[in-house]
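Student: Here is my input, please return the structure:
(chains A and B)
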Amino acid sequence: MAGDVVTAHFPRRLLIQIVATNIFRYLFRGAARNWFRNIGSAAPALSSMTLLLLLSGLVGLVGFALYNLKTIQSAEASLLHVYVRDDARPADVDSLWDRLAADPRVASVTYTTRAEALARAQHMPGLPQLASATDSNPFPASLDVRVKNIDDVASIDRLVRYEIAVDPVYSTSYDRGAYQRIQAFLLGIAVAGLAFLGLLGFVAVTVTMNSIRAAIHSRRDEVTIMQLVGAPRWMVRGPFVIEGAITGALSGALAGIVVFGLTAAGIAAASTSFAQFAPGVTAAVAAFAAALVFATGLGLGSGSSLISVRRHLES
Amino acid sequence: MPSVLRPILEFAGVTRAYGSRLALDDVSLALEPGELAFLVGPSGAGKTTLLKLINREIRPSMGHVWVDGLAAHNIKASRVSALRRRVGVVFQDYKLLPRLTAMENVAFALQVGDLRVSDDEAKERALDALEAVGLGDRGDSFPHQLSGGQQQRVAVARAVVGQPPLLIADEPTGNLDIDTSWEMMDLFADIAAFGTTVLIATHNVEIVRRFQRRVITLVHGRLVRDQPAGRTGRMAWLATS
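Tutor: Numbers count the residues shown, from 1 in each chain, chains lettered A, B, ... in the order given. From the prediction side, this is the model:
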């Protein structure tokens, strides 16, 4: 029985085809077949990972919207609206405008009429109702001062607050500490969101690792035989990693579809208010988030099964 | 006249310890191509440890293990599969995959060991191997449709289908009746006659006596006797009991 094996010389293309067929059969088709056969042990991993990815996608979109809000808010915070009293003389307003424009801390000064203020308010969250609630225009004219450094907003506010042209009741839009409060709020949300996702991620990875361990255990005879007949290590481990990847990909696909569907539904239901409360979140962004969720699922499933295989499958 | 053949299997001063207990203690031996040898000894003598060292299921604590020119004692993990393709293994409990037919079990071993083997070639070689072990007409049978002896023959076909230079068997007749055990041993002798080195760990004294082949006796991990073929008297482990 022993002796030199005489092997025919196949054309290279045929050899590649044979190797590819065998790899597909033993790696991919075998993994898919075993995944369906062991769907009972894969189900907990599938559901926990789907939940994780769904929440990750939604949290990611919310985070993106909050980031955009923060950017808008920080731009808003460096813009000081100096409200002009209704009966102010144009000369006083011009004088104040000139002094502000000459101030080295100020980047620009523009004048907003009452009509422009009303028009602007109609595009801000919560204000359209207020703007349309009365026949008269409740919004004052203002000098909109763009300050170079956000830290100088307070001193500019002090400079203009008692000017004769300025409304004595509602002098400026300056709200001490508002920007810092927004930042602290967003930081808190980010930390809580990351901690929650970290916990969910840990659970999903652990459950996936356990499902792969169960798969290894249920096929230990097959694994032993493969190892003893000299199957390469990647071929023994590969099907289990692909099983994990299948779990992750299915979870990612499910979660991605739901993330995209929810966002698209939100956009379709109330496009104006959705754009105000979740600025920057468009259908394209939702599609990108869904793709990212799918890729994350694929990576998470493959990664956790790879860890499990390395831990539970001896070479 | 000394042999000029390179040993297929060589142990040089091999010790394997599990904690403070020595499972193998300074064992040295060599098997040449086409040699059939029995490995005997009481339970716990180190027979299974020795077999596990051959296909690198474990590493020696000390010493060298050479298998067909490969250093099994310090082989890299990525090269273990190459080593194992040089060693056919037969178990007491057959270890056949129940979902595959006899032919598929043999072909599976061939293809996962060498991805370049096509389906047609794998089937042809698997059927040849089954034919060689006397099961040419049972290729489509599933393991549960075969007797214990037939299942063990399938396991032997699977072990030799890749034409390894070394075949190791751990108590291959342990689950078989005496007639089937003789048939199985005849099969091993045939395999050795074609040049494959065969090492069989067994408790079956009757078989060892009848076959008059080389007998390597282990007791408490030490190689206490190495009797050449044709001079198999009492077992060393019986003599020491």
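Student: so where's chain A shaky on pLDDT?
Tutor: A:1-10, A:125-135, A:179, A:314-315 (pLDDT under 70).
Student: Can you give me the domain assignment for it?
Tutor: If you go by automatic domain parsing, the domain ranges for chain A are A:26-72+A:180-312, A:82-173.
Student: Which of those sits closest to chain B?
Tutor: Checking those against chain B by C-beta to the nearest C-beta gives domain A:26-72+A:180-312 as the closest, at 3.4 Å. For glycine as for every other residue, the C-beta is placed from the backbone atoms N, C-alpha and C.
Student: What is the neighbour count of A:Arg213?
Tutor: 18 (other C-beta atoms under 10 Å in any protein chain shown).
Student: hmm, I was thinking of B:Asp25
Tutor: 18.
Student: Name the nearest residue to it, ignoring sequence neighbours.
Tutor: In space, not counting the residues next to it along the chain, B:Asp25 is nearest to B:Gly221; the distance is 4.3 Å by C-beta to C-beta, 6 or more residues apart in numbering or on different chains.
Student: Tell me how far that neighbour lies from chain A.
Tutor: 23 Å (C-beta to the nearest C-beta, to the nearest Å).
Student: Count the residues that sit near that residue.
Tutor: B:Gly221: 23 neighbours (other C-beta under 10 Å).
Student: Now do the contacts for it.
Tutor: B:Arg16, B:Leu22, B:Ala23, B:Leu24, B:Asp25, B:Val27, B:Ala45, B:Gly46, B:Thr49 (C-beta atoms under 8 Å, 6 or more residues apart in numbering or on different chains).
Student: Okay, now the sheet partners of the helix or strand containing the first one, with direction.
Tutor: In the assignment (DSSP states H and E), B:Arg16 maps to strand B:9-18. If you go by DSSP bridges, strand B:9-18 pairs up with strand B:21-31 (antiparallel), strand B:62-67 (antiparallel).
Student: what about the strands in chain A?
Tutor: A:79-83, A:106-112, A:142-147 (DSSP state E).
Student: I'd like to check what contacts the strand holding B:Arg16. Which residues are they?
Tutor: Contacts for strand B:9-18 (C-beta under 8 Å, 6+ apart): B:22-31, B:46, B:49-50, B:53-54, B:58, B:60-68, B:73, B:166, B:197, B:199, B:221.
Student: got the buried residues for it?
Tutor: Across strand B:9-18, burial judged by 16 or more other C-beta atoms under 10 Å in any protein chain shown covers B:Leu9, B:Glu10, B:Phe11, B:Ala12, B:Val14, B:Arg16.
Student: and the end-to-end length of stretch B:62-75?
Tutor: Taking C-alpha to C-alpha, to the nearest Å, stretch B:62-75 runs 14 Å from one end to the other.
Student: Could you tell me the average pLDDT over that stretch, please?
Tutor: Stretch B:62-75 shows a mean pLDDT of 94.
Student: Name the residues of that stretch that come out as buried.
Tutor: B:Gly63, B:Val65, B:Trp66, B:Val67, B:Asp68, B:Leu70, B:Ala72, B:His73, B:Ile75.
Student: do stretch A:15-34 as well
Tutor: A:Ile18, A:Asn22, A:Tyr26, A:Leu27, A:Gly30, A:Ala31, A:Asn34.
Student: Throw these into JSON lines and include distance to B:Leu130, thanks.
Tutor: Below are these laid out as JSON lines (distance: C-beta to C-beta, whole Å):
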{"residue": "A:Ile18", "distance to B:Leu130": "22"}
{"residue": "A:Asn22", "distance to B:Leu130": "21"}
{"residue": "A:Tyr26", "distance to B:Leu130": "21"}
{"residue": "A:Leu27", "distance to B:Leu130": "26"}
{"residue": "A:Gly30", "distance to B:Leu130": "23"}
{"residue": "A:Ala31", "distance to B:Leu130": "28"}
{"residue": "A:Asn34", "distance to B:Leu130": "26"}
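Student: count of neighbours near the nearest residue to A:Asn38 once chain neighbours are set aside?
Tutor: Nearest residue to A:Asn38 in three dimensions, chain neighbours excluded: A:Ala215, at 5.3 Å (C-beta to C-beta, 6+ apart). Using other C-beta under 10 Å, the number of residues around A:Ala215 comes to 26.
Student: which residues in chain A form helices?
Tutor: Under the criterion DSSP state H, chain A contains helices at A:12-23, A:30-37, A:39-77, A:90-102, A:114-121, A:127-133, A:153-160, A:178-218, A:220-228, A:233-269, A:271-277, A:283-312.
Student: Could you name the helices and strands sitting against the fifth one?
Tutor: Spelled out, that is helix A:114-121. If contacts are counted by 3 or more C-beta pairs under 8 Å, 6 or more residues apart in numbering or on different chains; DSSP states H and E, helix A:114-121 sits against helix A:127-133.
Student: same check, this time on the fourth one
Tutor: Applying 3+ C-beta pairs under 8 Å, 6+ apart, we find helix A:90-102 packed against strand A:106-112, strand A:142-147, helix A:153-160.
Student: Could you rerun that using 10 Å?
Tutor: In terms of contacts (3 or more C-beta pairs under 10 Å, 6 or more residues apart in numbering or on different chains; DSSP states H and E), helix A:90-102 is packed against strand A:79-83, strand A:106-112, strand A:142-147, helix A:153-160.
Student: didn't A:Phe240 look like it was pressed against A:Asn34?
Tutor: Yes - counting by C-beta atoms under 10 Å, A:Phe240 does reach A:Asn34; the two are 8.5 Å apart.
Student: what do these two both touch?
Tutor: Listed as contacting both A:Phe240 and A:Asn34 by C-beta atoms under 10 Å, 6 or more residues apart in numbering or on different chains are A:Ala215, A:Arg219.
Student: My guess is B:Pro33 contacts B:Pro7. True?
Tutor: Yes - using C-beta under 10 Å, B:Pro33 is in contact with B:Pro7, at 8.3 Å.
Student: what's the closest non-adjacent residue to A:Gly299?
Tutor: In space, and not counting its chain neighbours, A:Gly299 is closest to A:Gly248: 6.9 Å by C-beta to C-beta, 6+ apart.
Student: which residues touch that neighbour?
Tutor: Residues counted as contacts of A:Gly248 (C-beta under 10 Å, 6+ apart) are A:45-46, A:49-50, A:53, A:204, A:208, A:294-305.
Student: Ok, B:Ser141 next?
Tutor: Counting by C-beta under 10 Å, 6+ apart, the residues that B:Ser141 touches are B:Thr101, B:Ala102, B:Met103, B:Leu130, B:Leu135, B:Gln150, B:Gln151, B:Val154.
Student: got it, and A:Lys70?
Tutor: A:Ala77, A:Tyr179, A:Ile182, A:Gln183, A:Phe185, A:Leu186, A:Leu187 are the contacts of A:Lys70 under C-beta under 10 Å, 6+ apart.
Student: what residues are up against the third one?
Tutor: When contacts are counted by C-beta under 10 Å, 6+ apart, A:Ile182 is found next to A:Leu66, A:Leu69, A:Lys70, A:Gln73, A:Ser74, A:Glu76, A:Ala77.
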